[in-house]
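Asker: need a structure here:
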Amino acid sequence: FQFLNGARFLDRFEAMRRLSEKNSPLLPSISTAALKDPHWVIRSSAIEELQGKMLPDLQSILQKLVLQDPNSEVRAAALLKLADYDAAKALEIATTALKTDSAYNVLAIGLEILHQNNPQAGVEAAARLEKEKSEDILLSISEIYKQSTDSIHVGFFENNLRKLSAFNAILFIANYQEFA
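Answerer: So this is what the prediction gives:
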């Protein structure tokens, strides 16, 4: 009741969180409504709550969110969730997102999905994104290149080693170490 009738963000967010904690049977129907909520945090949270709870029209909802949601966090979460349920459709949507989306977090996830399903295409897409300055993109590229035995990628690691900060730098260095 509180989720469907709450006018304020916090009312709806709290109601959804409590339903999730109690594993309520109402959660699937609330999740459907939450995926259409005006606030991006609620939409993103609803996507995360779908763990193991497949709704009948979930794939079409997730596709629409990936391609049309105004918030990149929602688009990225929807793409990841879509990959859990339908790898082929996620690959198709990820390929589209790599061409049309400008958000680095969505591009990074799209790149990873592309590489998982088509390693050669993933390496080619990664090479096209090497000049990007985003830590998300650089880290995704390092994840792809660490699996390669091609020494051509050494330059990528050396050129970008100092461009990452905090935990991303540690992950990047670990990927470089694994590559070498």
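
Asker: residue ranges in this protein under the pLDDT threshold?
Answerer: Applying pLDDT under 70 to the chain flags the ranges 1, 51-56.

Asker: repeat that with 80
Answerer: For the chain, applying pLDDT under 80 flags the ranges 1-2, 4-5, 23-29, 50-57.

Asker: give me the element the residue most central in space within it is part of.
Answerer: Central residue of the chain (CA atoms, centre = their mean): Ala76, 3.3 Å from the mean position. Secondary structure assignment for Ala76, by DSSP states H and E: helix 72-85.

Asker: now what about that helix, what contacts it?
Answerer: Residues from elsewhere that reach helix 72-85 (CB atoms under 8 Å, 6 or more residues apart in numbering): 40, 43-44, 47-48, 50, 54, 58-59, 62-63, 65-67, 69, 89-90, 93-94, 97, 101, 103-106, 108-110, 113. Where C-beta positions appear, they are placed from N, C-alpha and C, glycine not excepted.

Asker: please flag which of these sit within helices.
Answerer: Counting by DSSP state H, these place 40, 43-44, 47-48, 58-59, 62-63, 65-67, 89-90, 93-94, 97, 104-106, 108-110, 113 in helices.

Asker: what is the burial count for the residue nearest to Ile113 when sequence neighbours are not counted?
Answerer: In space, Ile113 comes closest to Ala94 once its chain neighbours are excluded; the distance is 4.0 Å by CB to CB, 6 or more residues apart in numbering. Ala94 has 29 neighbours, counted by other CB atoms under 10 Å.

Asker: who's in contact with Ala94?
Answerer: 79, 83, 109-111, 113-114.

Asker: rerun at 10 Å
Answerer: 66, 79, 82-83, 87, 101, 106-107, 109-117, 122, 125 (CB atoms under 10 Å, 6 or more residues apart in numbering).
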